[in-house]
Each structure stands twice: as C-alpha cells, then as structure tokens.
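J.: Provided below are the primary sequence and the corresponding predicted coordinates.
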Amino acid sequence: MRGMSSVVFLLAVIALGYWAYGQTILTQQAERRVDQLQRQIGAERDRLAILRAEWAYLNRPDRLRELADFNFERLQLLPLAPEQFGRATQIPYPLPPEPEPEFEETLLGNASGSEREERIP
C-alpha cells in the first residue's frame with residue numbers, strides 16, 4: 001500500500017510540475033506580447049506627434065491666408081464677419097408634441113355615444 005501511495009504521489013508531483021512549466025511558458029509568451037504591444041504603442045505615439053506637428057504647420061493662419069488669396073478666383077473665400085451669423089431665435093424649432101388625452105376622456109371613448117355627446121362637444 002505504501003508503494004502505491006508513493007507512485008500516486010510521484011505522478012501527482014510530475015503532473016503539477018508539468019502544469020507549472022506550461023504556465024511559465026504561457027506567462028513568458030504573454031510578457032513578450034505585452035512588450036511588443038508597448039513598443040507598437042510607443043511607435044504610434046511618435047507617429048501621432050509627428051502628424052500633429054505637420055497639421056499645426058499646415059494650418060498656420062498666414063499660410064492659409066496666402067492660399068485663400070492665391071485661390072480667390074476659384075474659391076472666392078472671404079473673411080468671416082459678425083453679420084454672417086444668425087441668432088438663436090431665428091432657428092425654426094419643432095413644435096412641442098400635443099398633450100396626451102386625460103384619463104377621463106380615454107374612458108369616455110369606451111362609453112356609449114350619449115354620454116360622449118354630453119361631455120365632449
């Protein structure tokens with residue numbers, strides 16, 4: 001009996017060792033993947049910083065003004081003036097929804113016609 005328990009114990013230790021080794025391998029792979037993703041994130045942040053700098057360079061007011069003047073014949077762009085803006089009161093807002101009929105009127109709709117004529121004109 002003692003030999004059998006030793007064999008079972010030995011097999012359990014081997015199985016747990018194999019499982020622990022597998023978990024170590026999976027952890028190392030996950031760490032490599034995290035490092036790779038961190039490098040990609042850093043590269044994308046650098047790329048984004050470059051794109052933002054290019055965007056700021058291309059949208060300089062003096063450059064845009066020169067382009068608007070150069071292409072005035074085709075585009076006919078004019079500077080904005082306060083008169084070009086409207087007021088909030090000029091916006092045609094939709095009408096509010098009609099109120100729901102009251103509970104009594106709903107019940108009267110199910111009543112006979114004589115009662116309806118007496119209460120609702």
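T.: Happy to help now that I have it.
J.: okay, now the unreliable bits of this structure?
T.: 103-121 (pLDDT under 70).
J.: how about a cut-off of 80?
T.: Within the chain, the stretches with pLDDT under 80 are 1, 100-121.
J.: show me which helix runs longest in it.
T.: helix 2-58 (DSSP state H).
J.: packing partners of that one?
T.: Contacting helix 2-58 under the criterion 3 or more C-beta pairs under 8 Å, 6 or more residues apart in numbering; DSSP states H and E is no other helix or strand. C-beta coordinates here come from the backbone N, C-alpha and C atoms, glycine included.
J.: one more time with 10 Å, if that's ok
T.: helix 61-70 (3 or more C-beta pairs under 10 Å, 6 or more residues apart in numbering; DSSP states H and E).
J.: which elements pack onto the helix it packs on?
T.: Using 3+ C-beta pairs under 10 Å, 6+ apart, helix 61-70 is in contact with helix 2-58.
J.: next, the angle from the helix it packs on to helix 61-70.
T.: 60 degrees (axes from the mean of the first three to the mean of the last three C-alpha atoms, to 10 degrees).
J.: show me how far helix 2-58 is from its chain's centre.
T.: Mean-position distance between helix 2-58 and its chain equals 28 Å (C-alpha atoms, centre = their mean, to the nearest Å).
J.: stretch 94-104 now?
T.: Mean-position distance between stretch 94-104 and its chain equals 35 Å (C-alpha atoms, centre = their mean).
J.: using PDB, write down the CA coordinates of that stretch.
T.: The C-alpha coordinates for stretch 94-104 follow below in PDB (Å, rounded to 0.1, in the frame of the first residue of the first chain):
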ATOM      1  CA  PRO A  94     -40.200  71.900 -34.000                       C
ATOM      2  CA  LEU A  95     -43.500  72.400 -32.100                       C
ATOM      3  CA  PRO A  96     -43.800  70.500 -28.800                       C
ATOM      4  CA  PRO A  97     -45.900  67.300 -29.000                       C
ATOM      5  CA  GLU A  98     -49.600  67.600 -28.200                       C
ATOM      6  CA  PRO A  99     -50.500  66.600 -24.700                       C
ATOM      7  CA  GLU A 100     -51.900  63.100 -24.200                       C
ATOM      8  CA  PRO A 101     -55.700  62.900 -23.600                       C
ATOM      9  CA  GLU A 102     -56.600  62.800 -19.900                       C
ATOM     10  CA  PHE A 103     -57.700  59.500 -18.300                       C
ATOM     11  CA  GLU A 104     -61.400  60.600 -18.200                       C
END
